[in-house]
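K.L.:
give me coordinates for this.
(chains A and B)
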Amino acid sequence: MSILRIYARLAVASLRAKMQYKLDFLVNTLLWGALTTADFLMLAAIMLRFERVGGWDIYEVGLLYGMAWIATGLYRTFASELHNFDQYVVHGEFDALLVRPWPTLLTLLGRNLEPHRLGAVLQGAIILGLSARHLLAVGTLDRFGLVYVLASSFFGALIPFSLSLITAAFAFWVVRTGDLLTFTIHAPISASQYPLTIYPRWLKTLLLSVLPVGFINFIPVQYLLGKGGGPWALVFSPAVAVGFTLAAYGLWRAGERRYQSTGS
Amino acid sequence: MAPIVEARELTKVFRVAKDRRGLLGAIRSLFSNEGREVRAVDGISFSIDAGEFVGYLGPNGAGKSTTIKMMTGILHPTSGEVRVEGKSPQRSRREVVRRLGVVFGQRTQLWWDLPVRDSYELLAAMYGIKSREYQATLTRFDDLLEIGAFLDVPVRKLSLGQRMRADLVAAWLHRPPVVFLDEPTIGLDAVAKARIRSFLQEINRTEGTTIMLTTHDMDDIERLCTRVMVINHGRLVYDGSLEGLRQAVGAPSTLRIEYAAPPGTAPQGPWTLVSWEGNVVTIAFDRSRCTAADVIGRLGQYGEIRDVYMAEPDIESVVEQVYRRG
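P.N.:
As a prediction, the model looks like this:
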């Protein structure tokens, strides 16, 4: 597909550009690694202290945690440029994307590939692997469940991606969206690392509707581990991910038509 | 022949929201209809034929850039429409921009941290330019703009003149039939300007590229453009030849006559006497009312003419008058 070929060309160019600043790249990688480790240590501390959280044991939570990290890491690797998107609107740099004969979202994402974020994917995969091994051994999870969990971790990346795309598209209306990301991405993603059963009802509802991070992991895993829900969860979760992505892209396209540029 | 570029009743109204303070204020202004309307472009119509070189003039804030941004599909008009090769750059953006070249003098379109060559290769991939064609184009442009010397230098390390040349090549790489240039000579020194002008002249002549150019540099207009459009307060106040613009404004041409001997009386005629010193007389006359030949003929009645020097009004003062009237 020519779209993928163009994306690959752009992404490789962005890496080459990044290599111009090697120290910056190195520091970023180390910093990100330290952050993810710290985050994990906090979870580990909580789990070792209480053993069960909201009725889920450490291995079950590990499954949720691993899936959330794989999904988020993938999304950050490929779509980090969305995080700074309001700058394109503030400074009128979106002009440059509009005069090229490709979808603007493709050329935007092609500007910034962040492979060091794959470290988070790896960390998630290790925790998911260790947890799954235990759960398979005690028989709480079957082989089909494991395959589903892996597939869903990748599919799940669509949910933070579409949340981020919606936030970015807001910039076409309000121009500056800086702090909005904390509410629309960072907080929900952190919340999705724990079973949603621990949250008050209103928050749970929020995480299953407007900010549907519960569908990355909690909803399908709850059913696979026999903790509630029905087989519908396995179909519904990817459907939500795809549907949300399509809606987010629709909003993006609508925003594109509203774009005001800047005076020169 | 159908025009290659067309604008019909093109209008762009910007809403400038009333500035409110704080987060609450921001939310309120998001939902309120209060605010000031600015008609940046106000019902402009024109059509450009293939191969024309059009200068688009106007003071800062007149609506030049807004027009160009609508022509190139960046902005959507509030009303009216744009056609490039018969298609709307808003409705068929990707199809139209594939056949357009765009240069914004203030901002590079190249990849900042990469060598110029890398940018060109990316563009070649994006526009589907065949390798052999790409090589030939690059060689040709190296002849015209001498870009070979800095092809392997990162864009951020180029001088402004080099960067501008690199950007021009980038705009022409896919051989677009129509190119929009927004202040391509801004901030350049005389040598760099001259080089860019001769490139534009050459490419317009040999490739037949239709070019629309905005600039504040009157030399650009005088040397390049066969047609001038002047915009002020969002309205087109003039569209025609450069000569016609001079005549429409009625800016005086000046004529300096050197007589063999000082004339006995001050020359009288359809002109104003500017100065009379010994055998040199300078007058100013309006070309729309009498011809230069006529004026010289009548001046000849006052004595034997030894030499004639004529000066046309400089375009800057002409345009200034149009701005003031518009």
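
K.L.:
pretty sure B:Tyr120 contacts B:Ala170?
P.N.:
Yes: taking CB atoms under 8 Å as the definition, B:Tyr120 is a contact partner of B:Ala170 at 6.6 Å. (Each C-beta comes from the backbone N, C-alpha and C, glycine too.)

K.L.:
so which bits of chain A are right by chain B?
P.N.:
Residues of chain A lying close to chain B (CB under 8 Å from any CB of the partner chain) are A:5-6, A:9-10, A:13, A:16-18, A:20-21, A:93, A:95-96, A:98-103, A:173-174, A:257-261, A:263-264.

K.L.:
which elements pack onto the helix or strand where B:Val41 lies?
P.N.:
B:Val41 belongs to strand B:36-48 when assigned by DSSP states H and E. Where contact means 3 or more CB pairs under 8 Å, 6 or more residues apart in numbering or on different chains; DSSP states H and E, strand B:36-48 is packed against strand B:5-16, helix B:64-71, strand B:79-84, strand B:227-232, strand B:235-240.

K.L.:
what does the helix or strand that that strand is followed by rub up against?
P.N.:
Next helix or strand after strand B:36-48 toward the C-terminus (DSSP H and E): strand B:53-57. Applying CB atoms under 8 Å, 6 or more residues apart in numbering or on different chains, the contact partners of strand B:53-57 are B:48, B:64, B:67-68, B:200, B:204, B:210-215, B:220-221, B:224-231, B:242, B:319.

K.L.:
how far does strand B:53-57 sit from its chain's centre?
P.N.:
4 Å (CA atoms, centre = their mean, to the nearest Å).

K.L.:
then stretch A:176-185?
P.N.:
14 Å.

K.L.:
how about stretch B:263-283?
P.N.:
38 Å.

K.L.:
how long is it from one end to the other?
P.N.:
Its start and end residues considered, stretch B:263-283 measures 14 Å (CA to CA, to the nearest Å).

K.L.:
ditto for stretch B:258-265
P.N.:
For stretch B:258-265, the end-to-end distance is 15 Å (CA to CA).

K.L.:
buried set for that stretch?
P.N.:
B:259, B:263 (16 or more other CB atoms under 10 Å in any protein chain shown).

K.L.:
ok, and what's touching that stretch?
P.N.:
Applying CB under 8 Å, 6+ apart, the set of residues contacting stretch B:258-265 is B:278-281, B:302-309.

K.L.:
which members of those residues are positioned in strands?
P.N.:
If you go by DSSP state E, the contacts of stretch B:258-265 have B:280-281, B:305-309 in strands.

K.L.:
of these - the most surrounded one?
P.N.:
B:Val281 (23 neighbours; other CB atoms under 10 Å in any protein chain shown).

K.L.:
so which strand or helix has the closest residue to it other than its chain neighbours?
P.N.:
Computed as CB to CB, 6 or more residues apart in numbering or on different chains, the closest residue to B:Val281 that is not its neighbour in sequence is B:Ile257, at 4.9 Å. Applying DSSP H and E as the criterion places B:Ile257 in strand B:253-259.

K.L.:
quick one: that strand to chain centroid distance?
P.N.:
32 Å.

K.L.:
can you pull the buried residues of that strand?
P.N.:
Result for strand B:253-259 [16+ other CB under 10 Å]: buried residues B:253-255, B:257, B:259.

K.L.:
max pairwise distance over these: which two?
P.N.:
B:Ser253 and B:Tyr259 (19.4 Å; CB to CB).

K.L.:
how about the residues of the stretch 101-250 of chain B near chain A?
P.N.:
B:102, B:104, B:106-107, B:109, B:111-114, B:118, B:122, B:125-127, B:154, B:182-183.

K.L.:
now, these that are in strands?
P.N.:
Reading strands off those with DSSP E, I get B:102, B:104, B:182.

K.L.:
so which of those residues is the closest to chain A?
P.N.:
Comparing these against chain A with CB to the nearest CB places B:Val102 closest, at 4.7 Å.

K.L.:
mind listing what the closest one touches?
P.N.:
A:99, B:68, B:72, B:109, B:171, B:179-180, B:182.

K.L.:
and the strands in the stretch 1-150 of chain A?
P.N.:
Per DSSP state E, counting those that start in this stretch, the stretch 1-150 of chain A carries strands over the ranges A:52-53, A:56-57.

K.L.:
would TSV of those with mean neighbour count be doable?
P.N.:
Shown next, in TSV, are the strands of the stretch 1-150 of chain A (neighbours: other CB atoms under 10 Å in any protein chain shown):
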stretch	mean neighbour count
strand A:52-53	16
strand A:56-57	20
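
K.L.:
what's the closest of the ones you listed to B:Val249?
P.N.:
That would be, of the strands of the stretch 1-150 of chain A and by CB to CB, strand A:52-53, which comes in at 81.1 Å.

K.L.:
report the mean per-residue pLDDT for that closest one.
P.N.:
Strand A:52-53 comes out with an average pLDDT of 84.

K.L.:
can you give me the offset of that strand from its chain's centre?
P.N.:
Worked out by CA atoms, centre = their mean, strand A:52-53 lies 24 Å from the chain centre.

K.L.:
same question for stretch A:5-12.
P.N.:
21 Å.

K.L.:
contacts for that stretch?
P.N.:
For stretch A:5-12, contacts defined as CB under 8 Å, 6+ apart pick out A:102, A:106-107, A:109-111, A:113, B:122, B:125-126.

K.L.:
run through the bridge partners of the residue in the stretch 201-326 of chain B that chain A sits nearest to.
P.N.:
As assessed by CB to the nearest CB, chain A sits closest to B:Thr214 within the stretch 201-326 of chain B, at 9.2 Å. Beta-bridge pairing for B:Thr214 (DSSP bridges): B:Tyr56, B:Asp182.

K.L.:
report pLDDT for the nearest residue to B:Leu160 once chain neighbours are set aside.
P.N.:
The shortest distance from B:Leu160 to any non-neighbouring residue, by CB to CB, 6+ apart, is to B:Gly187 (5.7 Å). Looking at B:Gly187, its pLDDT stands at 88.

K.L.:
what's around B:Gly187, how many residues?
P.N.:
When neighbours are counted by other CB under 10 Å, B:Gly187 comes out with 12.

K.L.:
quick check: it vs B:Arg156, distance?
P.N.:
As judged by CB to CB, to the nearest Å, B:Gly187 and B:Arg156 stand 16 Å apart.

K.L.:
then B:Arg195?
P.N.:
22 Å.

K.L.:
and for A:Ser80?
P.N.:
21 Å.

K.L.:
A:Ile189 too?
P.N.:
In terms of CB to CB, A:Ile189 sits 35 Å off from B:Arg156.

K.L.:
between the two, who's got more neighbours?
P.N.:
A:Ile189 (21 against 13).

K.L.:
so the more buried one touches A:Gly73, yeah?
P.N.:
No: look at A:Ile189 against A:Gly73 with CB under 8 Å: they stay out of range, at 10.6 Å.

K.L.:
picking that back up, given the strand holding B:Val41, what are its sheet partners and their directions?
P.N.:
By DSSP bridges, strand B:36-48 pairs with strand B:5-16 (antiparallel).

K.L.:
how far does the strand it pairs with sit from its chain's centre?
P.N.:
Worked out by CA atoms, centre = their mean, strand B:5-16 lies 19 Å from the chain centre.

K.L.:
can you check stretch B:84-99 too?
P.N.:
On CA atoms, centre = their mean, the centre of stretch B:84-99 falls 22 Å from the chain's centre.

K.L.:
break chain B into its domains for me.
P.N.:
B:5-247, B:252-325 (automatic domain parsing).

K.L.:
and the pLDDT for A:Trp32?
P.N.:
A:Trp32 carries a pLDDT value of 81.

K.L.:
which residues are in contact with it?
P.N.:
Contact analysis of A:Trp32 by CB under 8 Å, 6+ apart lists A:116-117, A:119-120.

K.L.:
cool, and A:Leu234?
P.N.:
With CB under 8 Å, 6+ apart, A:Leu234 has these contacts: A:148, A:220, A:223-224.
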